[in-house]
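Chemist: Sharing a model that was predicted from the sequence below.
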Amino acid sequence: MKKYFTVILFTGLILTLTTGIILAEKPINKKDFNMKEFKTNEFPALPYSYDALEPYIDAQTMEIHYDRHHRTYFNNFIAAIKGSDLENASMEKIFAEVSKASDAVRNNGGGFYNHVIFWENLGKGSSGPSPELAKAIDAAFGSFDKFKETFSNAAKTRFGSGWAWLYLTSDKKLAVGSTPNQDNPLMDVSPVKGIPLLAIDVWEHAYYLKYQNRRPDYVDAFWHVVDWNTVNRRYAEAVR
């Protein structure tokens, strides 16, 4: 019998997963992408083609990053929770008590979750923050340009591997911070805590083929491929 568990990515978004044999994913367009429907025997499809973010993020990096790195985190996370109480726990609960879990759960669960967040907040053609999010950004940072500077600095100065985040705190305010390795703001071990709204991966595998050691160039390029439609939706769901 297959067992089921639920993954809460952020407020209002739930994934139902089933443990089983990993099969090839079905490519889908982002406009059709519904993260509520994928299962562990259907590795979550990248919501656009590998070359969709060119020239800012190259196709070869996308293919290796998604099909090797993300897939490995996914498979290892499923293996790490199989047969344990965590198999039926929400991702939110797992992260809230991740200090009690194994390193395999923390590292691979974070790697799986963080990349789903990352892929979905990338794209082209979105117009920018919604009026509601823009107002919140101005209140928190003074201006959109100041927010970009703060976020970019968090990404550029994160020592070693990790992530930078825009997140909503428990008192419904926007904040920016970074986390090491595959930690994220939902984890009880994280130096920053809240609901993730926007993420950038600053592990070297995310940019080295194109940018080599020029992480600042990669971070600057990132702003050309932020899908604000996704970030706007996350914010609207998180403040409810």
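Modeler: Yep, that arrived. Residues are numbered from 1 along each chain as shown.
Chemist: Surely residue 223 touches residue 148?
Modeler: Yes - with contact defined as Cβ atoms under 8 Å, residue 223 reaches residue 148; the gap is 6.5 Å. C-betas here are computed from N, CA, C, even on glycine.
Chemist: Just want to know which of these two has more residues nearby.
Modeler: Legend: neighbour count by other Cβ atoms under 10 Å for residue 223 and residue 148, higher for residue 148 (17 against 12).
Chemist: which ones are touching that one?
Modeler: Neighbouring residues of residue 148 by Cβ atoms under 8 Å, 6 or more residues apart in numbering: residue 223.
Chemist: hang on, it in a strand?
Modeler: No - Residue 148: not assigned to a strand; according to DSSP: H, G, I helix; E, B strand; the rest coil it is helix.
Chemist: what pLDDT does it get?
Modeler: You'll see residue 148 listed with a pLDDT of 99.
Chemist: Assign a three-state SS to the nearest residue to residue 155 once chain neighbours are set aside, would you?
Modeler: Nearest in space to residue 155, with sequence neighbours left out and distances taken as Cβ to Cβ, 6 or more residues apart in numbering, is residue 164 at 3.7 Å. Per three-state DSSP, the local secondary structure of residue 164 is strand.
Chemist: any idea how far residue 164 lies from residue 86?
Modeler: 27 Å (Cβ to Cβ, to the nearest Å).
Chemist: Which of these two has more residues huddled nearby?
Modeler: Legend: neighbour count by other Cβ under 10 Å for residue 164 and residue 86, higher for residue 164 (25 against 22).
Chemist: And stretch 197-217, what's buried?
Modeler: 197-203, 206-207, 209-211, 215 (16 or more other Cβ atoms under 10 Å).
Chemist: No more questions from me, cheers.
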